[in-house]
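A.B. asks: fold the following and give me the result.
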Amino acid sequence: MMSIDLSKLSAKELFELAQKKEQEEQQQAKQQSRVNELIAKREAALSEHKNVLLLTDKKIRDMQAQREKLISDHEKVVAEIDQEIKSLGGNAPKTEAKAAAASGGGSDDSKLKSTIRQIMNKRDYISASLLKEKLAAYGITPATFNKDLEQWVRNGWLEGKGKGNYALGKKC
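C.D. replies: Numbers count the residues shown, from 1 in each chain. Got it, this is the predicted structure:
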């Protein structure tokens, strides 16, 4: 900005210059006020987003706990029925999990990986529990599923996408 010699300006020019300066300051104050409003709005949106995520995470944990309890209760009931069948001299039918355990894990590694690829091609990532359920629908119940998952992540065949979630890796 060039400097102006105020002593050479008329009263009218000084007045106009002061008005212009005041307008510029008012405009800057309005802009700063708008910036402050937007910053507050942004922080409120971030806070709301964080709270919604925390609430969603809690609901997911609650549902997972409920699911685990349902599975545990179901396994207990089936075990009691199997025990009663045995006590009456009968043989309890083998479930998929028992059949897989009896045959040493059920499927070979290539069939397992092929099926996982087929399941995973339909989505970006999947939780370990849902993957296990989907595999069971194909009649596959690997005995060492969690260890297999860890090994596949180390080998790059799968990629961790957050706690308990996996995506196909680069070596797939």
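A.B. asks: please make it C-alpha for all contacts and neighbour counts, starting now.
C.D. replies: OK.
A.B. asks: worst-scoring helix or strand of the chain, pLDDT-wise?
C.D. replies: helix 96-102 (a mean of 45; mean pLDDT, DSSP states H and E).
A.B. asks: show me where the chain has its strands.
C.D. replies: Ranges of strands in the chain, per DSSP state E, are 126-127, 158-160, 165-168.
A.B. asks: given the first one, what are its sheet partners and their directions?
C.D. replies: Just to be clear, that refers to strand 126-127. Using DSSP bridges, strand 126-127 pairs in its sheet with strand 165-168 (antiparallel).
A.B. asks: residues in contact with the strand it pairs with?
C.D. replies: Strand 165-168 is contacted by residues R117, M120, D124, Y125, I126, S127, A128, W157, L158, E159, G160, K161 when judged by C-alpha atoms under 8 Å, 6 or more residues apart in numbering.
A.B. asks: with stretch 112-124 instead?
C.D. replies: Residues from elsewhere that reach stretch 112-124, judged by C-alpha under 8 Å, 6+ apart: I126, L131, K134, L135, Y138, I140, A167, L168, C172.
A.B. asks: how about stretch 7-14?
C.D. replies: Stretch 7-14 is contacted from outside by L6, using C-alpha under 8 Å, 6+ apart.
A.B. asks: off-centre distance for that stretch?
C.D. replies: How far stretch 7-14 lies from its chain's middle: 67 Å, per C-alpha atoms, centre = their mean, to the nearest Å.
A.B. asks: list the buried residues for it?
C.D. replies: Residues of stretch 7-14 include none that count as buried (16 or more other C-alpha atoms under 10 Å).
A.B. asks: ok, Y138 to I119 distance?
C.D. replies: Y138 sits 10 Å away from I119, going by C-alpha to C-alpha, to the nearest Å.
A.B. asks: oh, that last question was meant for S33, not what I typed.
C.D. replies: 53 Å.
A.B. asks: circling back to that earlier point, next, format the strands of the chain as TSV and append distance to E75.
C.D. replies: Below are those laid out as TSV (distance: least, C-alpha to C-alpha, whole Å):
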stretch	distance to E75
strand 126-127	22
strand 158-160	29
strand 165-168	25
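A.B. asks: now the ones you listed as a markdown table including mean neighbour count?
C.D. replies: As requested, these are arranged in a markdown table below (neighbours: other C-alpha atoms under 10 Å):
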| stretch | mean neighbour count |
| --- | --- |
| strand 126-127 | 18 |
| strand 158-160 | 21 |
| strand 165-168 | 20 |
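A.B. asks: brilliant, that's me finished.
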